Structure formats: structure tokens, C-alpha cells
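Engineer: What follows is a predicted protein model with its sequence.
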Amino acid sequence: MNGPGPGGGHGDPGGRDAPGARGDGPGFAPVRVLPAGPHALLVELADGEHAEAFHAELLRRRERGELPAVREIVPAARTVLLDGIHDGIHDGIHDGIHDGIHDGIHAGTGERTPGERGAGARERLARDLASWRVEPPQREGREPVEIPVVYDGPDLDEVAALWGVPAGEVAALHSRTAFRVAFCGFAPGFGYLTGLPERLHVPRRTTPRTRVPAGAVALAGPYTGVYPRPSPGGWQIVGRMPDPGALWDPAREPAALLVPGTPVRFVAVGAVGAEDGGAGALPTPRAGEFPAGRARVGDSPVGA
């Protein structure tokens with residue numbers, strides 16, 4: 001297990017295109033909408049920006065009540081997964097899709113099975129999604145989440161060499177970048193942050209580490225990530241977040257500090273006090289302002 005890779009989506013569902021399941025938007029290539037399991041659709045987009053725009057449009061339409069019942073909407077690098085398309089079917093009902101029996105019409109009644117109704121809802125939604133015209137993502141005027149970082153990572157010199165700058169300039173270049181959470185994965189609280197220009201993209205390490213400490217700030221491909229817990233990982237570590245506990249708090253809603261769409265800014269700080277590991281007087285992460293209807297971080301009940 002090498003940790004999250006710098007690309008990839010939710011995987012290949014192995015299905016064919018749903019009828020009419022192609023669409024496009026201004027400046028975007030056509031999308032593909034594929035069945036994924038009995039009650040899900042996988043929307044394949046042109047790139048990360050298209051995926052971000054499509055995800056934002058799904059959330060807007062769901063908030064306005066214009067989207068059929070969907071249990072989960074999960075963005076990834078170039079895909080968005082819509083899971084739990086039931087058309088009134090409750091979880092746990094064993095229909096023809098689940099157990100392979102009673103396909104199509106109930107014997108002797110002429111009525112559609114719950115599985116057929118669910119499949120019909122999914123096909124209708126697939127056609128609808130393919131017809132959408134999605135605008136480029138709108139950047140909300142929302143204050144970023146600020147993450148303090150001590151830039152003293154073990155791969156700092158290697159990253160500096162790849163960037164063609166002295167090691168001392170890595171912190172300045174990285175902390176001046178405006179980041180945004182593209183999607184989450186790998187581990188609870190791990191966000192894939194985009195924003196680095198292409199000239200600052202770096203490859204994964206040739207040999208992954210068997211243990212990356214919690215709080216490690218690392219780079220791979222176009223992404224920056226902060227490890228919320230110790231784990232194996234193959235990204236280039238440039239620094240550390242002194243107190244990574246804020247990245248994932250199950251008692252908070254949302255539990256993740258870095259949710260898709262969140263703007264993020266890294267703040268370079270110095271290591272303070274060798275006796276306390278350098279974290280004694282460092283600032284804690286500061287949450288940005290959330291739009292109306294979204295809870296503020298800290299409120300109670302709300303491959304790397």
C-alpha cells in the first residue's frame with residue numbers, strides 16, 4: 001500500500017454507456033455516464049476542473065430540490081459518483097438486481113419489480129446528466145482554511161532541486177499558492193489539494209515509505225496533501241502540520257476539516273521549542289467562513 005496516487009477516480013465500473021449518456025458544457029469535453037453497480041452512476045469528466053464544476057452543479061441542484069433522491073455524491077480526480085439512486089426503494093430490499101431472481105415483471109401481476117423501477121430511475125438520471133450544460137466552477141469569496149506548516153520535511157531538498165530553486169524558497173512558493181480541495185480519499189480527513197502550477201508538479205518517490213507520520217505535508221503530481229494519521233505513503237514530504245488532530249474530528253460536522261471545494265492556504269511557521277517537538281507556540285488551524293447553511297469548523301453538531 002503506497003498511499004493515494006496523484007490521479008485516478010472511483011475505478012472502472014465495467015459497464016457500457018447508459019442510453020444517451022453523453023453531454024458537454026461550455027469549454028468542456030463531452031462527459032460519459034456509466035452504470036456502477038445496481039444503484040449508482042459514474043460520471044467521467046474531462047479533467048479536475050470539469051469534475052469540480054460538475055460536482056458543484058450537482059450540489060446546487062440537490063439543494064434546490066431539482067435532483068432525484070441520491071444517497072451520496074462523491075467527487076474524485078476526474079469523476080463524480082452518484083450512489084443510492086433508488087426511486088423509492090429502501091436499502092436492504094432484495095430485488096432482482098441484488099439476488100439475481102424475479103427480474104423484470106412480478107410473475108402474474110404485470111407490475112415492475114423494485115429493481116426494474118430503480119434501473120429506470122438510474123437510466124432517466126443518466127440521460128438527464130448527459131444533457132447538462134455546466135458552467136466553469138465559480139470561486140466563492142470565502143476565507144480559506146489556514147494550515148500552519150513547519151517546512152522541514154525530509155524531501156525538501158529533492159523538491160527544491162525538481163523546482164530549480166534553493167531549498168529555502170520551497171516554503172515561500174508553496175505557501176503563496178491558493179489551494180482548493182478537489183476531492184477526498186485514501187484515509188478519513190485526507191484531502192487532495194490542487195493549485196500548484198504545472199511547473200511545480202513533482203513525481204511520487206521511487207521507493208515509498210512504510211510509515212509517514214501524521215501531519216506530514218506532501219506533494220505528488222498536481223496534488224498537495226496532509227496526512228491525518230500515520231500510514232504508508234509515497235509522496236514527497238516537504239513539511240509538517242504541528243497538530244493534525246483538526247483534520248478529522250468525528251464529533252464535528254463535517255468531520256473532515258478539508259471537504260471538497262474548500263479553499264486552503266498554508267502558513268509557514270517556525271519550529272518553536274525543541275523540548276516540545278517544535279509545536280509549543282504554533283497557531284492552530286483556522287477555518288474559513290462557510291456559506292450559509294454550512295457549519296463552521298469547530299461547531300458542535302455539524303493513494304498518498
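Structural biologist: Received the coordinates, thanks.
Engineer: Please make it C-alpha for all contacts and neighbour counts, starting now.
Structural biologist: Fine.
Engineer: all strands of this structure, in order?
Structural biologist: Listed in chain order, the strands of the chain (DSSP state E) span residues 22-23, 31-35, 40-44, 72-75, 79-83, 145-149, 179-184, 191-194, 209-212, 216-220, 223-226, 231-233, 236-240, 263-268.
Engineer: could these be laid out in a markdown table, adding mean pLDDT?
Structural biologist: Putting the strands of the chain into a markdown table (pLDDT from 0 to 100) gives the following:
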| stretch | mean pLDDT |
| --- | --- |
| strand 22-23 | 42 |
| strand 31-35 | 90 |
| strand 40-44 | 93 |
| strand 72-75 | 90 |
| strand 79-83 | 92 |
| strand 145-149 | 96 |
| strand 179-184 | 93 |
| strand 191-194 | 95 |
| strand 209-212 | 96 |
| strand 216-220 | 98 |
| strand 223-226 | 97 |
| strand 231-233 | 95 |
| strand 236-240 | 98 |
| strand 263-268 | 96 |
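Engineer: Format those strands as TSV; extra columns: mean neighbour count and distance to residue 168.
Structural biologist: Rendered in TSV, the data for these read as follows (neighbours: other Cα atoms under 10 Å; distance: least, Cα to Cα, whole Å):
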stretch	mean neighbour count	distance to residue 168
strand 22-23	21	46
strand 31-35	24	43
strand 40-44	25	40
strand 72-75	18	35
strand 79-83	23	37
strand 145-149	23	14
strand 179-184	24	20
strand 191-194	26	22
strand 209-212	16	23
strand 216-220	26	16
strand 223-226	25	18
strand 231-233	21	24
strand 236-240	25	11
strand 263-268	22	11
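Engineer: Point out the one among these that comes closest to residue 56.
Structural biologist: strand 72-75 (9.6 Å; Cα to Cα).
Engineer: which residues are contacting the closest one?
Structural biologist: Contact partners of strand 72-75, identified using Cα atoms under 8 Å, 6 or more residues apart in numbering, comprise 51-52, 55, 58, 80-84, 182-184, 260.
Engineer: Could you work out the most separated pair of these?
Structural biologist: Pairwise over the contacts of strand 72-75, using Cα to Cα, the maximum falls at 84 and 182, 22.2 Å.
Engineer: circling back to that earlier point, of the strands of the chain, which approaches residue 201 most closely?
Structural biologist: Taking Cα to Cα as the criterion, strand 216-220 is the member of the strands of the chain that comes nearest to residue 201, at 6.9 Å.
Engineer: coming back round to it: closest to residue 173 out of the strands of the chain?
Structural biologist: Smallest distance to residue 173 across the strands of the chain (Cα to Cα): 10.4 Å, for strand 263-268.
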